[in-house]
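Asker: quick check, what structure comes out for this input:
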Amino acid sequence: MTFTIESAQSIFSSTQVPSPIPATLALFEQLSVDDKLALLWYAYTEMGRSITPAAVGVARLQFAEGLLNQIKQMSTDDQFQVMRELANRADTPISRSYGVFSVNTKLAFWYELGELMKQGIVAPVPAGYQMSRGVSIVLEAIKQLDPGQQITVLRNAVVDMGFGSDVAKSVQTDAEPLFPRTSPAPAKIAVEGITDSTILSYLEALNKDDFDAAIALFTPDGALQPPFQKPIVGYEAIKRYMRAEAQGLNIMPQQGISESLPNGSKQVKVTGIVQTPWFGVNVGMNIAWRFLLNPEGKIVFVAIDMLASPQELLNLRPV
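Answerer: You can find the predicted model right below:
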């Protein structure tokens with residue numbers, strides 16, 4: 001039995017239950033540019049009430065500080081224009097600078113922009129703006145999500161804004177260095193139902209930000225599929241992704257299931273909670289990891305799935 005990335009994606013297919021996140025993002029994409037900006041404004045003003053605060057911290061904001069300072073010095077009309085250009089993915093100097101930010105820095109940028117709007121330093125939604133039906137529908141959909149899903153929607157809403165974002169994602173550099181953890185990594189991991197050393201070593205390595213150790217567990221052509229994204233293939237590409245997105249994670253697996261296949265390979269599913277330092281320790285994302293290991297115990301493929309509900313943490317059906 002020979003696996004391809006396409007066939008590996010189908011392991012534990014019941015994990016891929018319908019999620020409200022893609023549907024909410026699809027509604028967001030249908031909004032006009034001005035309605036998208038209004039939605040982000042209303043979403044941030046709702047934070048702390050019906051939407052979870054995205055406490056992104058100083059570390060990420062330092063990368064966006066120069067751009068934010070430029071915007072603060074602009075007239076109200078120019079501030080509106082810059083935001084429209086970002087949402088329109090226009091080819092402008094500011095839009096290009098934004099386009100090379102990592103995903104979390106883009107979220108930090110909009111979080112701070114929302115704070116500046118509240119303070120009156122950056123122009124908020126124009127006076128007299130009437131929330132459109134589309135904005136109202138998307139905002140209500142976001143309010144119904146759990147905290148981890150809310151953060152994911154807001155991240156994905158801003159990730160493709162700016163010029164050249166698609167290119168930047170594919171050639172992510174190490175321009176944004178790693179930062180030390182503010183709290184110790186969790187102790188040695190134990191997962192109910194899982195004894196495989198590769199799986200445990202992988203999760204422990206991520207909890208220590210030891211990406212070299214995590215990468216060493218993959219085959220040379222191994223692949224990692226982040227939530228709602230295409231697979232990332234090969235050592236260097238996976239390592240770039242981990243440096244940009246996985247630093248500082250607290251991974252708290254709960255339980256798992258393992259199945260041996262006729263050719264000696266193994267498929268493993270683990271469910272648990274992930275906390276990310278950019279959003280605070282109170283925001284836990286319900287996650288499933290679906291692994292395919294070759295007969296030598298190396299990772300051929302791992303998919304990271306955002307679960308539709310906390311109840312899905314208990315869903316360990318193999319089909």
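Asker: C-alpha only now, for contacts and for neighbours.
Answerer: Noted.
Asker: which SSE is the residue lying closest to Gln247 once chain neighbours are set aside in?
Answerer: Of all residues beyond its chain neighbours, the one nearest Gln247 is Asp209 (5.7 Å), with distances taken as CA to CA, 6 or more residues apart in numbering. In the assignment (DSSP states H and E), Asp209 maps to no helix and no strand.
Asker: Three-state assignment for the residue in the chain sticking out farthest from the centre, please.
Answerer: The C-alpha centroid of the chain is most remote from Pro262, which lies 34.8 Å away (CA atoms, centre = their mean). Secondary structure, DSSP: H, G, I helix; E, B strand; the rest coil: Pro262 is coil.
Asker: phi, psi of it?
Answerer: Reported as degrees, to the nearest 10, the phi and psi values for Pro262 are phi -60, psi -30.
Asker: for the one 3 residues further on, same thing?
Answerer: According to degrees, to the nearest 10, the main-chain angles of Ser265 amount to phi -70, psi 170.
Asker: so Leu27 makes contact with Ser136?
Answerer: No: when contacts are counted by CA atoms under 8 Å, Leu27 is not listed as touching Ser136 (10.8 Å).
Asker: which of those two has more neighbours?
Answerer: Between Leu27 and Ser136, Leu27 has the larger neighbour count (other CA atoms under 10 Å), namely 16 against 13.
Asker: quick check: chain neighbours aside, which residue is closest to Leu292?
Answerer: Gln267 (4.6 Å).
Asker: so that neighbour bridges to which residues?
Answerer: Judged by DSSP bridges, the bridge partners of Gln267 are Glu259, Leu292.
Asker: residue contacts, it?
Answerer: If you count contacts by CA atoms under 8 Å, 6 or more residues apart in numbering, Gln267 has them with Ile11, Ser258, Glu259, Ser260, Leu261, Arg290, Phe291, Leu292, Leu293.
Asker: cool, and Leu37?
Answerer: By CA under 8 Å, 6+ apart, Leu37 lies in contact with Met83, Arg84, Ala87, Val125.
Asker: backbone dihedrals for Lys118, please?
Answerer: Given degrees, to the nearest 10, the pair of backbone angles that Lys118 has is phi -60, psi -30.
Asker: who touches the closest residue in space to it that isn't next to it in sequence in this structure?
Answerer: Leaving out its chain neighbours, the residue that sits closest to Lys118 by CA to CA, 6+ apart is Pro124, at 7.3 Å. Each residue near Pro124 by CA under 8 Å, 6+ apart is listed here: Trp41, Met117, Lys118.
Asker: what of Leu31?
Answerer: Listed by CA under 8 Å, 6+ apart, the contact set of Leu31 reads Gly134, Val135.
Asker: Met117: how many residues sit nearby?
Answerer: Neighbours around Met117, by other CA under 10 Å: 17.
Asker: now Ala26: which helix or strand?
Answerer: helix 20-29.
Asker: and of the contacts of Leu37, the nearest to Met306?
Answerer: Set against Met306, the nearest of these by CA to CA is Ala87 (25.5 Å).
Asker: for the closest residue to the closest one other than its chain neighbours, phi and psi?
Answerer: In this structure, Ala87 finds its nearest non-sequential neighbour in Met161, 5.2 Å apart by CA to CA, 6+ apart. Torsion angles at Met161 (phi, psi; degrees, to the nearest 10) stand at phi -70, psi 160.
Asker: contacts only, for Met161.
Answerer: Leu86, Ala87, Asn88, Arg89, Tyr98, Gly99 are the contacts of Met161 under CA under 8 Å, 6+ apart.
Asker: helices of this structure, start to end?
Answerer: Along the chain, the segments classed as helices by DSSP state H run 5-8, 20-29, 33-46, 57-72, 76-88, 93-99, 103-119, 133-143, 147-159, 165-170, 197-207, 211-215, 235-245.
Asker: please pull out the lowest mean pLDDT helix or strand from this protein.
Answerer: One helix or strand of the chain scores below all others by mean pLDDT, DSSP states H and E: helix 165-170, with a mean of 50.
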